[in-house]
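Colleague: give me coordinates for this.
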Amino acid sequence: MASIRRSALVPVVGLSTAPKCVRWIRFFVCLLSLLSVLASACSSNAGTQRINLPPPSERSVVGPGDVLTIEIVGEKELPREYQVASDGSVDVPYVHSVKVAGLDPHEIVALLRKALIEAKVLTDPSVIVSVKEYHSQRVTLLGQVAKPGSYPFTSGLTLIQAVSLAGGLTAIADDDMVTITRKADNGKTYSTVLSAAPIMVGRAADIPLQAGDQIYVRERLF
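Modeller: From the prediction side, this is the model:
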């Protein structure tokens, strides 16, 4: 039997270690894939918070302190601006004191038309009513904001804008525990707890507010 010289034997390096390297590479690929899925899920959850609130009411009612523009078409000598008194009324020529608190501009038009007809001032009056300034509509911010209090509501106001009006969150605020309380048109009161953190960094949509909303920011537990 022919002998084989030792110099002809060439060691094959890595045959025993190659399978182990492959296993490690596969492990790291799987780990990266899992982390990617988890990150995607967290981002998705942050952007789709469940908000247990009725949509903001679009009904803009007036209250004490609000300034109205009232025009009785054809009556050019009459004043046009009226401020709602503390009892919720306005003094309009021909019909005197009219209760308008809790009504929107369209309802005020109907009320004034009826009053003018009943007073036999005009048979078919044309009345235009608009709100020049809202002072009665406000939102309230309490808890861990820099300046707790009541702030004027303006159309389109959002949660983060309201927090900004109150000077922002304090250093000990828990931005994952923000409560919004809202009274719906049906008279029922609803509350929801949400996280403001994803909203502030742009990963979730801001929350539109309505007049009368109350926002409470809890203190962070250390």
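
Colleague: CA atoms for contacts and neighbours, from now on please.
Modeller: Will do.

Colleague: what about the nearest residue to residue 97 once chain neighbours are set aside, which helix or strand?
Modeller: Spatially, and ignoring its direct neighbours in sequence, residue 97 is nearest to residue 91 (4.4 Å; Cα to Cα, 6 or more residues apart in numbering). For residue 91, the host element (DSSP states H and E) is strand 89-92.

Colleague: can you spell out which helices and strands pack onto that strand?
Modeller: When contacts are defined as 3 or more Cα pairs under 8 Å, 6 or more residues apart in numbering; DSSP states H and E, strand 89-92 sits against strand 81-83, strand 96-99.

Colleague: identify each buried residue in stretch 87-98, please.
Modeller: By 16 or more other Cα atoms under 10 Å, the buried positions in stretch 87-98 come out as 88-90, 92, 95, 98.

Colleague: hang on, I meant stretch 187-204
Modeller: Within stretch 187-204, the residues that count as buried by 16+ other Cα under 10 Å are 191, 193-199, 204.

Colleague: hmm, who's touching that stretch?
Modeller: Stretch 187-204 is contacted by residues 43, 46-54, 160, 175-184, 205-206 when judged by Cα atoms under 8 Å, 6 or more residues apart in numbering.

Colleague: 6 Å instead, please
Modeller: Residues from elsewhere that reach stretch 187-204 (Cα atoms under 6 Å, 6 or more residues apart in numbering): 46-47, 52, 175-183, 205-206.

Colleague: adding secondary structure and neighbour count, write these out as TSV.
Modeller: Listed next are those as TSV, based on DSSP: H, G, I helix; E, B strand; the rest coil; neighbours: other Cα atoms under 10 Å:
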residue	secondary structure	neighbour count
46	helix	19
47	helix	16
52	coil	12
175	strand	20
176	strand	16
177	strand	18
178	strand	21
179	strand	18
180	strand	23
181	strand	17
182	strand	24
183	strand	19
205	coil	16
206	coil	17
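
Colleague: ok, so of those, who is nearest residue 60?
Modeller: Among the contacts of stretch 187-204, residue 183 lies closest to residue 60 (Cα to Cα), at 13.7 Å.

Colleague: nearest residue to that closest one other than its sequence neighbours?
Modeller: Residue 183 sits nearest to residue 189 (Cα to Cα, 6+ apart), 4.3 Å away.

Colleague: phi, psi for that neighbour please.
Modeller: Dihedral pair for residue 189: phi -110, psi 130, per degrees, to the nearest 10.

Colleague: which pLDDT does the model give it?
Modeller: Looking at residue 189, its pLDDT reads 94.

Colleague: how much space separates it from residue 213?
Modeller: Computed as Cα to Cα, to the nearest Å, the residue 189 to residue 213 distance reads 10 Å.

Colleague: anything in contact with each of those two?
Modeller: residue 182.

Colleague: I'd like the mean pLDDT over stretch 113-122, please.
Modeller: Stretch 113-122 shows a mean pLDDT of 93.

Colleague: stretch 202-210 too?
Modeller: 93.

Colleague: alpha carbons of that stretch, as PDB, please.
Modeller: This file holds the C-alpha atoms of stretch 202-210, laid out as PDB (Å, rounded to 0.1, in the frame of the first residue of the first chain):
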ATOM      1  CA  GLY A 202     -44.900  63.900  15.600                       C
ATOM      2  CA  ARG A 203     -45.700  60.100  15.800                       C
ATOM      3  CA  ALA A 204     -49.400  60.600  16.500                       C
ATOM      4  CA  ALA A 205     -52.000  63.100  15.400                       C
ATOM      5  CA  ASP A 206     -52.900  66.000  17.800                       C
ATOM      6  CA  ILE A 207     -56.200  65.900  19.500                       C
ATOM      7  CA  PRO A 208     -58.700  68.700  18.500                       C
ATOM      8  CA  LEU A 209     -60.500  70.300  21.500                       C
ATOM      9  CA  GLN A 210     -63.800  71.900  22.000                       C
END
